[in-house]
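Student: 3D model of this:
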Amino acid sequence: MTQDATEATAAGAMNEPLPPEFFTHPLEDRNAQYANLRQTCPVRAINHPPGAEAYIVSDYEMALKAFGNPRISKSLENTPKWFRDQLYDNSPVQSRNMLIADAPEHSRLRKLVSKSFVPRRMENLRPRIQEIADDLIDSFPESGEVDLMEFARVLPVMVIFEYLRVDVADREMLYEWSHVLGGAPYADEEGNRRLKQVSSAFEKYILDLLEDRRSDLGEDLVSQLLIAAEEEDKFTIDEIASTMSLVIIAGQRTTTNLIGNGTHALLTHDDQFDLLKSRPELVVSAVEEFLRFESPSYRGTLRVAAQDMEIEGVEIGKEAFVHLLIAAANRDPQVFQDPDRLDITRESNRHLTFGHGAHYCPGAPLSRLEGHVVFPTLLRRLSGLTLAIPEKDTQWVYDNSVSRGLASLPVRYDRRLPREVGTEDRAEASAAGCPVAHGSV
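Tutor: Below you'll find the model as predicted:
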């Protein structure tokens with residue numbers, strides 16, 4: 001084949017949309033693929049959702065601009081009718097919150113939680129998060145092997161459910177429901193049938209909880225939502241329920257993946273493991289690096305073109321889906337020096353894992369705080385902590401959601417050390433003066 005023919009073939013391939021498997025079953029060396037996209041085709045068509053016009057944006061600066069581009073909408077009303085109908089029909093409880101709204105509707109709905117996740121309020125949860133972490137580790141065997149993803153899954157669930165004041169007996173049920181709801185809508189009939197069942201049960205649970213809580217208000221998040229709604233006098237019960245569903249789903253999965261991905265990163269980078277263990281005060285910058293290096297959300301949530309438009313010369317049709325590929329942007333060498341290197345001392349870490357601008361994740365302070373507590377605790381209490389399997393055998397989970405995490409994290413340790421008296425005070429002191437969140441919240 002001649003050089004011209006080879007180049008023509010390559011150009012033709014670039015014009016073909018990437019398959020859905022690019023998201024759901026990515027190549028093993030996905031970061032090399034991301035790098036190739038950034039260099040050769042940073043705005044590329046993809047067949048996801050299957051059959052829809054859609055594009056990925058992998059370059060950092062392009063993604064950053066897209067986060068604030070008013071022509072790119074998060075409103076469900078700007079999505080294709082078939083997609084909108086699927087969500088309304090199969091999961092109405094998820095169709096009335098700030099995640100799928102543009103200003104001014106987004107600003108109005110965000111007021112429901114704007115005061116609930118501020119860093120100062122989150123800091124009050126630090127002692128209890130420390131206690132939960134220590135209690136879970138106390139349940140580990142004195143030495144041996146455990147699947148650390150169980151710890152990573154349970155801790156954020158307990159934290160957010162206690163903040164909601166939800167019965168601990170409902171934890172497993174709500175976790176399973178959240179997993180189904182997090183991938184909505186699905187490309188197959190069976191997936192959407194299951195989604196509809198779960199959504200109906202989930203909505204009833206939330207509405208019953210709200211009704212019960214009205215006569216028993218406290219400092220919990222459910223009470224705060226009800227009080228905020230009453231003070232503003234412009235929120236419907238359906239909007240409160242939808243916001244609660246968003247909090248429950250997002251409040252656990254991102255942090256679970258942060259803990260799992262971050263621990264895996266440490267266990268596969270001995271120098272950074274040793275550095276954080278010897279200098280736990282580095283945990284603030286370490287958490288930011290974990291969020292960048294192995295993003296718990298590898299792409300942004302729903303975005304569509306509100307009108308015919310272009311992104312860097314690529315024509316984007318109205319109602320086309322625009323996927324901001326956060327994991328690729330977070331390794332852009334134009335922004336991050338030596339981006340494929342894990343560096344827990346990295347400064348000016350402007351990763352996009354929690355988004356940017358008006359839709360910056362309001363729950364980011366809580367997720368960060370849980371990381372600030374968990375990582376030093378694990379390294380301090382599990383002596384001789386190592387991976388219990390070869391790194392190549394690590395199994396990553398990709399599904400219909402925007403999340404990326406581990407199926408399991410088998411670890412081995414020589415000895416479980418006792419919790420330390422005054423841990424909460426030292427942890428608070430070590431993070432004093434350090435920001436819990438950055439960006440627009």
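Student: Okay, and the beta partners of the closest residue to P141 other than its chain neighbours?
Tutor: What sits nearest to P141 in space, not counting adjacent residues and going by CB to CB, 6 or more residues apart in numbering, is R416, at 7.1 Å. All C-beta spots, glycine's among them, are computed from the backbone N, C-alpha and C. Bridge pairing for R416 (DSSP bridges) gives the partners L382.
Student: R416 and H264, how far apart?
Tutor: Here R416 is placed at a distance of 20 Å from H264 (CB to CB, to the nearest Å).
Student: Look at the two and report which has more neighbours.
Tutor: Neighbour count, other CB atoms under 10 Å: between R416 and H264, H264 has more, with 23 against 18.
Student: quick one, what contacts that one?
Tutor: Neighbour list for H264: 294, 387, 394, 406, 409 [criterion: CB atoms under 8 Å, 6 or more residues apart in numbering].
Student: can you give me phi and psi for G384?
Tutor: G384 adopts backbone torsions of phi 70, psi 30, taken as degrees, to the nearest 10.
Student: where do the strands sit along the stretch 1-150 of the chain?
Tutor: Assigned by DSSP state E, counting those that start in this stretch, the strands in the stretch 1-150 of the chain fall at 43-45, 54-57, 72-73, 144-147.
Student: Single out the most deeply packed of those.
Tutor: Greatest average neighbour count among the strands of the stretch 1-150 of the chain goes to strand 54-57 (a mean of 26), per mean count of other CB atoms under 10 Å.
Student: Contacts for stretch 211-226, please.
Tutor: So stretch 211-226 is contacted by 112-113, 115-116, 163-166, 209-210, 227, 240, 243-244, 247 (CB under 8 Å, 6+ apart).
Student: what about that stretch, start to end distance?
Tutor: End-to-end span of stretch 211-226 (CA to CA, to the nearest Å): 10 Å.
Student: Could I get the average pLDDT for it?
Tutor: The predicted model gives stretch 211-226 an average pLDDT of 92.
Student: Which residues are in contact with the residue lying closest to L387 once chain neighbours are set aside?
Tutor: Once flanking residues are discounted, L387 sits nearest to L267: 4.8 Å by CB to CB, 6+ apart. Shown here is L267, whose contacts under the criterion CB under 8 Å, 6+ apart are 273, 385-387, 411.
Student: Drop anything exposed from those residues.
Tutor: The neighbour count (16 or more other CB atoms under 10 Å) marks 273, 385, 387, 411 as buried among those.
Student: Now the two most distant members of the residues you listed.
Tutor: Within those, two members stand farthest from each other by CB to CB: F273 and V411, at 11.9 Å.
Student: Please spell out the segments of the protein that come in under the pLDDT threshold.
Tutor: 1-14, 422-441 (pLDDT under 70).
Student: Report whether the expected contact of H25 with V397 is present.
Tutor: No. At 11.0 Å, H25 and V397 do not qualify as touching, with contact defined as CB atoms under 8 Å.
Student: Who has more neighbours out of those two?
Tutor: Each of H25 and V397 has its neighbours counted (other CB under 10 Å); V397 has more, 14 against 9.
Student: Any figure for the gap between the more buried one and A407?
Tutor: 5 Å.
Student: what does I248 give?
Tutor: From I248 to A407 the distance is 22 Å (CB to CB).
Student: More neighbours: which of the two?
Tutor: Neighbours per residue (other CB under 10 Å) separate I248 from A407, with I248 holding more: 24 against 11.
Student: all helices for the stretch 301-441 of the chain, in order.
Tutor: 326-329, 364-381, 423-430 (DSSP state H, counting those that start in this stretch).
Student: As JSON lines, those helices with mean neighbour count and distance to Q252 would be great.
Tutor: JSON lines is the format used below for these (neighbours: other CB atoms under 10 Å; distance: least, CB to CB, whole Å):
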{"stretch": "helix 326-329", "mean neighbour count": "27", "distance to Q252": "19"}
{"stretch": "helix 364-381", "mean neighbour count": "24", "distance to Q252": "10"}
{"stretch": "helix 423-430", "mean neighbour count": "16", "distance to Q252": "21"}
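Student: how about TSV for the ones you listed, with distance to F202 added?
Tutor: Below are the helices of the stretch 301-441 of the chain laid out as TSV (distance: least, CB to CB, whole Å):
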stretch	distance to F202
helix 326-329	27
helix 364-381	21
helix 423-430	34
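Student: Could you report the distance from the residue nearest to L387 to E172?
Tutor: L267 is 27 Å from E172, by CB to CB.
Student: what do you get for G317?
Tutor: To E172, G317 is 43 Å away according to CB to CB.
Student: returning to what we had before: what spatial separation is found between the residue nearest to P141 and V157?
Tutor: Taken as CB to CB, the span from R416 to V157 is 22 Å.
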